[in-house]
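A.B. asks: predicted model and sequence follow; I will ask about them next.
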Amino acid sequence: MSPAQHGSYSAGTVEISVEITVSTVQVNDRIMIGGMLYSVRDMKTAPGGRKQLLFHSGETFTMLRSTIMWAARNVDPRVRNTRIVRPARHTPG
C-alpha cells in the first residue's frame, strides 16, 4: 500500500470529492498537490488562522485561511449524520 493510501480505506464506505478549507480538512483526506497524492496523517493549528498538515509520507503542507482545495474523502452512507458537503448550485439570475 502506498503512503498516500495508508489508512484511507474502510469497508462499506464510498469515496466522495469535497471542497476543503482550514476549518474543514480532516485526517485521512487525500489531497492532490503538484500532481502527487498525499494523505493527511495529522494537523496542527498555526498562528494567523493557518493549519499545518502532516502527510503519511512525512512531508508537510501549510494551508492559509484563504486556501481552498479539493480532497477525496471516504464516508459511510449507512451512518447517520454523515454529512456530504456538496458545492453550492449556481443559479443564473
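C.D. replies: Perfect, I can see it now.
A.B. asks: mind listing what's buried in the helix or strand hosting Thr45?
C.D. replies: Taking DSSP states H and E as the definition, one finds Thr45 inside strand 36-46. Buried residues in strand 36-46, counted by 16 or more other CB atoms under 10 Å: 37-41, 43. Where C-beta positions appear, they are placed from N, C-alpha and C, glycine not excepted.
A.B. asks: same deal with stretch 28-38?
C.D. replies: Result for stretch 28-38 [16+ other CB under 10 Å]: buried residues 28-31, 37-38.
A.B. asks: could the residues you listed go into CSV alongside distance to Phe55 and pLDDT?
C.D. replies: Below are the buried residues of stretch 28-38 laid out as CSV (distance: CB to CB, whole Å; pLDDT from 0 to 100):
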residue, distance to Phe55, pLDDT
Asn28, 11, 94
Asp29, 10, 96
Arg30, 10, 97
Ile31, 8, 96
Leu37, 10, 94
Tyr38, 4, 97
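A.B. asks: name the nearest residue to the spatially most central residue of the chain, ignoring sequence neighbours.
C.D. replies: Nearest residue to the geometric centre of the chain (CA atoms, centre = their mean): Asp29, 3.2 Å. Spatially, and ignoring its direct neighbours in sequence, Asp29 is nearest to Ala71 (4.1 Å; CB to CB, 6 or more residues apart in numbering).
A.B. asks: the one you found reaches Ser17, doesn't it?
C.D. replies: Yes: taking CB atoms under 8 Å as the definition, Ala71 is a contact partner of Ser17 at 7.3 Å.
A.B. asks: please identify which of those two sits among more neighbours.
C.D. replies: Ala71 (20 against 12; other CB atoms under 10 Å).
A.B. asks: so where does that one fall, helix or strand?
C.D. replies: Following DSSP H and E, one finds Ala71 within strand 69-75.
A.B. asks: each with direction, which strands does that strand pair with?
C.D. replies: strand 14-20 (antiparallel), strand 30-33 (antiparallel) (DSSP bridges).
A.B. asks: out of these, which gets nearest to Pro77?
C.D. replies: Ranking the strands paired with strand 69-75 by proximity to Pro77 (CB to CB) places strand 14-20 first, at 6.0 Å.
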